[in-house]
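> sequence below, structure please.
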Amino acid sequence: MKKVISVFLMLIMVLSATSFTAYAKVKAPSKPTSVSASSTTSTVTVKWKKSSGASGYTLYSYNTGTKKYKSVASTTKTSYKVSKITSGKTYVYAVKAYKKSGKKKYYSSYSSKATVSTLPSTVKNFKKTAVDFTSATFTWSKVTGATGYYIQYATDKAFKSSVKTVGTSATSKKITSLTPNKTYYFRIRAYRTVSSKKYYSSYSSAISVKTVIASKLSTVSESTRYQTVKGFGASGAWWAQNVGGWENAEDIIKLLYDKEEGIGLNIYRYNVGAGSKDDSELYVTRNRTESFVDSIDGVCGDNNVWEDGYTVNYNWNNDANAQNALAIAKKYAGDDMQVVLFNNSPQVQITRNGKAYCSYNNGETNSKNWNTNLYRDNYDIYADITTTIADHFVDEGYNVTEVSPVNEPQYAWAEWQNEDGTYSMNQEGCHYTETNLKLLYKKMIEASQDKPYKITMFESGAAEGSNTIFSTYLDKIMSDPVNAAYFDKVDTHSYWSDKATKQKCASYLNSSYPNLSVSCTEYCQMTNDGSTGIFDLLQSLEGADRNGMTIDFGVQMARVIYEDLTVLNATDWSWWTACSEGIYTDGLVYINNDDHSNVQTSKRLWCLGNYSKFIDEGAKRVKITSADSSILACAFKNPDGSLVIVYINQGANNKTTYISASGYLNYRTYVTDSTRNIALNQSGAYKINNGISLPANSVTTVVLTK
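Numbers count the residues shown, from 1 in each chain. Below you'll find the predicted structure:
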């Protein structure tokens, strides 16, 4: 029995030894080495070196949070591509080699880990948002998982010439130090940094950008502000008393005071007539006026001097057509239309000679010997009449802002003697000496106390500097403390004054009367005024052509307005007579008394509209600098926040400018030239690289809105 047991034990030992020997012969392969990973936006390819004796390999992903491995796939190759994974995301992989024996796999230990990131997506919505002459600004959509972005730019599409790269972690970038007037190409790619290694997306499509030509740039500096603008106007002298009664009066006046069909004037200068209606010596019939003063009761001595106790009899139905013209203008301009009442002469009932102009002075050319047509003893009654008429218009609902009792006082305004011994005169007028005005204005100020309107001062025939007639009058008027305390502006006309003369005037006012603003209240292109800019042209014209209907006349008028606004800092600007008939360069609209339907608009009308239609009451003139000195430009900030720029191209060639201004979204341009009248020319989203077209011999208004 012992022998049997011994044999059995030996058999078990033999079998056991045989089994152990078989197991010991299956050895696990070594772990894979040189594990690396590469990626695209949605795949990762993991590679490794072949392990000796390995039947295959299993790829694992490693979760850095849970510290656990997860099988991804098995392969007999030494690489594997993982597909359909998220872009811009970090992944960690490891590999095990295995040896197969029967149905069993014998695994190596984990290889070292390979960390990799999928590439970021290609940047979308890459676009330029602003361009000036040395910089360009870009924006784009954020790329998920991106650490940052690189913008590459060059001067050629192939990105081989002068290539530069700038980086940012934001989704916008301003690239500076570019060359003006040069085309660049820009493209962008995102990157993701993982373990100090950067993974890049592919580049976006390239976009081209042309920088602005520096020599054509207009730069607006809104922080530098000048005068507040009250508006633009024209006078009703010598046409309203006729047109106001015509069947087509509204059609004519709409051209002047309606913003939609016309040029949107907001100042109406109403001519308060002196009563020359029946004076045959005024040889131009339409220049005769009807007065609101019918008669004066009381004691009248020599030279029509009225003693105290007089009664002035008014007829408010007089000048009916002119009053109707005013009412029509208000209808289209609105209740806020500013009404300025102005007199060329005191009423004939109080003038020295009973006429609306001074008496013949024997050809005397010395202004010191000219006689005024209003005695000082009548200053009180003239002030009384002037303010009573103004009060009437206020009571009628008009926005009477100013009353001007004197017009161009430095001139003689005297009738002349004809060869047959008769006398003639062309319009109402009154000469005053400097002392006359000092005293008269004191009376006017006294009479207008607590009135809603202001008495205006001087209406000089020209804007001049020190040691001139202008300064002589102004110094005398302002030498009186009552006048000096009351007046805050001086009125002047734009005749006989070139830019240099206006600069001298501005210098004189700034040094002597810095608190006085300037109103430019009258201008037309007189045929003997050498500063009009069209003097030589006029000499070559004949007949109706001398009315100056063409664009040359409009552009030169616009230049005068520009100088008055920028040199004199004028707060308002008015043309002389809104409507004219006959032949003379003094009309915006030309009418025909014999044929009311014959209405013609001059280019002056529309060029004035390039200002008046867009610059609102209350606008502030702001600084604008044009790199092209041949282009005249002035800019205004409207109360509604819009920016208005008026450009004048006096040259024979088309020009282009670019505007540098901040905070605006849209732009529109309106052109008046030889064929267009304030016509919309360009519009769209505002960008600094929008080329603003300035046609030859034109006025262009640019409106920028937010």
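> residue 462 contacts residue 491, doesn't it?
No - using Cβ atoms under 8 Å, residue 462 is not in contact with residue 491, being 12.0 Å away. Backbone N, C-alpha and C define where each C-beta goes, glycine included.
> out of those two, which sits in the busier spot?
Set residue 462 next to residue 491 and count neighbours by other Cβ atoms under 10 Å: residue 491 wins out with 24 against 20.
> these two touch, right, the more buried one and residue 458?
Yes - Residue 491 is within contact range of residue 458, at 5.5 Å (criterion: Cβ under 8 Å).
> any stretches of this structure with poor pLDDT?
For the chain, the stretches flagged by pLDDT under 70 are 1-25.
> what's opposite residue 93 in the beta bridge?
Per DSSP bridges, the residues bridged to residue 93 are residue 61, residue 114.
> I'd like to know how many residues surround it.
23.
> who's in contact with it?
Residue 93 is in contact with 35, 37, 44, 46, 59-62, 72, 82, 113-114, 116, counting by Cβ atoms under 8 Å, 6 or more residues apart in numbering.
> ranking those by neighbours, who comes first?
Most surrounded of the contacts of residue 93: other Cβ under 10 Å gives residue 46, at 29 neighbours.
> circling back: including distance to residue 415, could the contacts of residue 93 go into TSV?
What follows is those, written out as TSV (distance: Cβ to Cβ, whole Å):
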residue	distance to residue 415
35	114
37	107
44	105
46	111
59	115
60	116
61	111
62	112
72	113
82	108
113	112
114	110
116	105
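> among those residues, which two are most distant?
Every pair in the contacts of residue 93 was compared (Cβ to Cβ); the two farthest apart turn out to be 82 and 113, at 14.7 Å.
> residue 134 reaches residue 182, doesn't it?
No - shown here, residue 134 and residue 182 do not form a contact pair, counting by Cβ under 8 Å, at 9.9 Å.
> could you tell me how many residues sit around residue 221?
Other residues near residue 221 come to 14 when the count uses other Cβ under 10 Å.
> after the helix or strand hosting residue 256, which helix or strand is next?
Residue 256 is located in helix 249-257, with elements delineated by DSSP states H and E. As assigned by DSSP H and E, the chain's next helix or strand after helix 249-257 is strand 267-271.
> now the helix or strand where residue 610 lies against strand 267-271, angle please.
If you go by DSSP H and E, residue 610 is part of helix 603-612. Orientation check (axes from the mean of the first three to the mean of the last three Cα atoms, to 10 degrees): helix 603-612 against strand 267-271 gives 130 degrees.
> pull out the buried residues from helix 603-612.
603-612 (16 or more other Cβ atoms under 10 Å).
> now do it: which elements does it pack against?
Counting contacts by 3 or more Cβ pairs under 8 Å, 6 or more residues apart in numbering; DSSP states H and E, helix 603-612 packs against strand 231-235, helix 551-566, strand 570-580, strand 587-590, strand 666-672, strand 698-705.
> where along the chain do the helices fall?
2-24, 240-243, 249-257, 320-333, 379-395, 434-447, 469-478, 481-486, 499-512, 535-539, 551-566, 603-612 (DSSP state H).
> need those helices in JSON lines with distance to residue 55, can you?
What follows is the helices of the chain, written out as JSON lines (distance: least, Cβ to Cβ, whole Å):
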{"stretch": "helix 2-24", "distance to residue 55": "17"}
{"stretch": "helix 240-243", "distance to residue 55": "110"}
{"stretch": "helix 249-257", "distance to residue 55": "99"}
{"stretch": "helix 320-333", "distance to residue 55": "98"}
{"stretch": "helix 379-395", "distance to residue 55": "110"}
{"stretch": "helix 434-447", "distance to residue 55": "115"}
{"stretch": "helix 469-478", "distance to residue 55": "111"}
{"stretch": "helix 481-486", "distance to residue 55": "111"}
{"stretch": "helix 499-512", "distance to residue 55": "98"}
{"stretch": "helix 535-539", "distance to residue 55": "103"}
{"stretch": "helix 551-566", "distance to residue 55": "92"}
{"stretch": "helix 603-612", "distance to residue 55": "89"}
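> do you know which of those lies nearest residue 292?
Using Cβ to Cβ, the nearest of the helices of the chain to residue 292 is helix 379-395, at 5.6 Å.
> what comes into contact with that closest one?
The contact list for helix 379-395 (Cβ under 8 Å, 6+ apart) reads 270, 272, 292-293, 296, 306, 310, 312, 314, 316, 339, 341, 343, 346-347, 350, 374, 400, 403, 405, 439-440, 443-444, 446-448, 451-453.
> narrow those residues to those in strands?
Cross-referencing these against strands under DSSP state E gives 270, 293, 296, 312, 314, 339, 341, 400, 403.
> list the residues that contact the closest residue in space to residue 289 that isn't next to it in sequence.
Among residues not flanking residue 289 along the chain, residue 273 sits closest, at 2.7 Å (Cβ to Cβ, 6 or more residues apart in numbering). Residues in contact with residue 273 (Cβ under 8 Å, 6+ apart) are 241, 289-292, 319, 322, 428.
> relative to residue 412, how far out is residue 273?
Distance from residue 273 to residue 412, counting by Cβ to Cβ, to the nearest Å: 21 Å.
> who's residue 74 bridged to?
residue 58.
> that one and residue 57 touch, don't they?
Yes - counting by Cβ under 8 Å, residue 57 is a contact partner of residue 74 at 6.8 Å.
> out of these two, which sits in the more crowded spot?
Legend: neighbour count by other Cβ under 10 Å for residue 74 and residue 57, higher for residue 57 (26 against 13).
> in contact with the more buried one, which residues?
32, 48, 51, 74-78, 80, 95-98.
> let's have those in JSON lines, adding distance to residue 498.
Output for those, formatted as JSON lines (distance: Cβ to Cβ, whole Å):
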{"residue": "32", "distance to residue 498": "93"}
{"residue": "48", "distance to residue 498": "90"}
{"residue": "51", "distance to residue 498": "98"}
{"residue": "74", "distance to residue 498": "96"}
{"residue": "75", "distance to residue 498": "93"}
{"residue": "76", "distance to residue 498": "97"}
{"residue": "77", "distance to residue 498": "92"}
{"residue": "78", "distance to residue 498": "91"}
{"residue": "80", "distance to residue 498": "88"}
{"residue": "95", "distance to residue 498": "91"}
{"residue": "96", "distance to residue 498": "96"}
{"residue": "97", "distance to residue 498": "98"}
{"residue": "98", "distance to residue 498": "101"}
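> restricted to strands, list the residues you listed.
Using DSSP E, the contacts of residue 57 in strands are 74-75, 80, 95-98.
> re earlier: please indicate which of the ones in strands among the contacts of helix 379-395 are buried?
Buried members of those, counted by 16+ other Cβ under 10 Å: 270, 293, 296, 312, 339, 341, 400, 403.
> how close does the first one sit to residue 327?
With distances taken as Cβ to Cβ, residue 270 is found 11 Å from residue 327.
> do the same with the last one
If you measure residue 403 against residue 327 using Cβ to Cβ, the figure is 19 Å.
> what of the second one?
When distances are taken as Cβ to Cβ, residue 293 and residue 327 turn out to be 21 Å apart.
> residue 209 touches residue 130, doesn't it?
No - using Cβ under 8 Å as the test, residue 209 is too far from residue 130 to be in contact (10.1 Å).
> hang on, the earlier thing: which neighbours do residue 134 and residue 182 have in common?
Counting by Cβ under 8 Å, 6+ apart, the residues touching both residue 134 and residue 182 are residue 211.
> for residue 261, which residues are in contact?
Per Cβ under 8 Å, 6+ apart, neighbours of residue 261: 254-255.
> any figure for the gap between it and residue 673?
20 Å.
> how about residue 503?
29 Å.
> just give me the neighbour total for residue 639.
Neighbours of residue 639 (other Cβ under 10 Å): 11.
> show me what contacts it?
Contacts of residue 639 (Cβ under 8 Å, 6+ apart): 616-619.
> mind giving me CSV with the residues you listed and columns for neighbour count and distance to residue 122?
Conversion of these to CSV gives the following (neighbours: other Cβ atoms under 10 Å; distance: Cβ to Cβ, whole Å):
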residue, neighbour count, distance to residue 122
616, 19, 49
617, 17, 54
618, 13, 51
619, 22, 48
